[in-house]
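Trainee: Quick one, what's the 3D model for this:
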Amino acid sequence: MRTHDGEFVIKVPGSIANLGPGFDTLAVAVQLYLTLHVRPGTGKGLQFNFTNVQLDGENYIERGLRYLATRHGFTIPALDIEVESEIPMKGGLGSSAAATVAGLRLYEALTGPIDEQELLTAACELEGHPDNVAAALLGGLTVSCEVPGALRVLRAQWPESLAILAATPEVHLATCASRAVLPELVPRGDAIFNVQRVAFLLEALRSADFALLHEAIEDRLHQPYRAAIVPGLTEALALKHPSLLGVCLSGAGPTILALAQQHLDEISDELRAIYAKLNIPVRVRVLHVHPTNGRKPDAAHSYCVDTAATWSR
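Mentor: Numbering: from 1, shown residues only. Reported below is the predicted structural model:
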């Protein structure tokens with residue numbers, strides 16, 4: 001329900017992409033949120049107030065909103081939009097995807113429900129790759145496949161007993177810079193290596209056979225090339241602990257993930273030690289998964305609190 005003054009709220013989760021071998025394919029939504037407080041405008045046009053984050057570059061929220069508004073010939077009313085975010089900018093936790101999705105959700109909140117497939121396709125067109133936006137829109141663990149003119153997504157539950165430790169150093173790394181170091185062509189053996197491990201990883205998560213994760217989370221398509229520009233990645237990938245189930249880069253970085261079920265404090269301390277040696281401040285925390293909304297693909301969209309973006313109006 002809208003409040004008496006017409007205000008409504010949109011929340012979109014951050015996300016972790018790739019999960020090792022699933023380059024531009026796998027992602028999981030996490031409980032770090034971009035929140036919009038939207039109310040009728042007191043002036044003309046769109047007025048954004050970023051309360052705890054500084055806008056660096058293009059406003060992806062506005063871009064997403066205008067993208068759908070232009071497509072559908074909708075005139076955007078005057079709005080005052082307060083933006084707060086728990087997702088670090090350029091940290092590899094889906095900040096740009098969350099902003100893009102927030103803009104699409106804002107359009108939807110203004111006009112009414114939109115087909116899920118249109119949202120997915122528009123988000124992918126804007127973001128340039130599907131993984132983060134799929135998780136931000138649908139929640140949970142997502143597997144994305146681009147087909148001509150559309151984005152298809154399968155969704156699954158993340159195992160509740162599998163904890164995600166995220167080490168985010170105080171280093172900004174733009175996705176475009178992280179992608180620039182990747183080769184255009186990779187050896188066939190490396191492509192086969194990753195295909196095998198994506199299959200292993202999905203089965204390990206489905207069956208909760210976490211003993212497979214050490215091998216399943218390995219990658220040869222992006223992490224070896226990004227190690228030169230992501231501080232601590234080489235050291236983290238070599239980290240050993242009896243309870244450590246796997247380590248990978250979060251998206252384009254610089255956040256690094258460790259998967260475990262127990263001794264989380266000990267593993268966190270070992271991650272902090274890596275950055276202490278590099279004299280780089282770091283924040284290590286346990287991230288909880290934002291659950292999948294559970295809707296069937298192409299189902300009619302509805303304004304429910306179980307969607308990946310939630311609001312009251």
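Trainee: hey, let's count contacts and neighbours off CA atoms from now on
Mentor: OK.
Trainee: For A258, give me phi and psi.
Mentor: Main-chain torsions, A258, degrees, to the nearest 10: phi -130, psi 140.
Trainee: what about the spatially closest residue to it that is not a sequence neighbour, how many neighbours?
Mentor: Counting by CA to CA, 6 or more residues apart in numbering, V247 is the residue found nearest to A258 once chain neighbours are left out, at 4.5 Å. As a burial measure, V247 scores 26 neighbours (other CA atoms under 10 Å).
Trainee: got it, and Q54?
Mentor: Neighbours of Q54 (other CA under 10 Å): 10.
Trainee: is V153 in a bridge, and if so with what?
Mentor: When bridges are called by DSSP bridges, V153 pairs up with S144.
Trainee: Now do the contacts for it.
Mentor: By CA atoms under 8 Å, 6 or more residues apart in numbering, the residues touching V153 are A134, T142, V143, S144, C145, P297.
Trainee: can you rerun that using 7 Å?
Mentor: T142, V143, S144, C145 (CA atoms under 7 Å, 6 or more residues apart in numbering).
Trainee: do A29 as well
Mentor: Applying CA under 7 Å, 6+ apart, the residues contacting A29 are P13, G14, S15, I16, A135, A136, G139, G140, L141, V289, H290.
Trainee: sorry, back to before: show me just the buried residues among the contacts of V153.
Mentor: T142, V143, S144 (16 or more other CA atoms under 10 Å).
Trainee: Which helix or which strand is home to E203?
Mentor: Using DSSP states H and E, E203 falls within helix 188-207.
Trainee: Counting by contacts, list what that helix packs against.
Mentor: In terms of contacts (3 or more CA pairs under 7 Å, 6 or more residues apart in numbering; DSSP states H and E), helix 188-207 is packed against helix 213-216.
Trainee: Show me which positions of the helix it packs on end up buried.
Mentor: L213, A216.
Trainee: how long is stretch 50-62 from one end to the other?
Mentor: One end of stretch 50-62 sits 13 Å from the other (CA to CA, to the nearest Å).
Trainee: quick one on the thing from earlier: now the residue nearest to A258: phi and psi?
Mentor: Residue torsions, per degrees, to the nearest 10, at V247 are phi -130, psi 140.
Trainee: how about it, what does it touch?
Mentor: A236, L237, L257, A258, L259 are the contacts of V247 under CA under 7 Å, 6+ apart.
Trainee: Farthest pair within the contacts of V153?
Mentor: The span of the contacts of V153, defined through CA to CA, is set by T142 and C145 at 10.0 Å.
Trainee: Where does pLDDT dip in the stretch 51-200 of the chain?
Mentor: For the stretch 51-200 of the chain, not a single residue meets the criterion pLDDT under 70.
Trainee: Check the gap between T75 and V181 for me.
Mentor: 41 Å.
Trainee: quick one: which of those two has more around it?
Mentor: Applying other CA under 10 Å to T75 and V181 shows that V181 carries more neighbours, namely 14 against 9.
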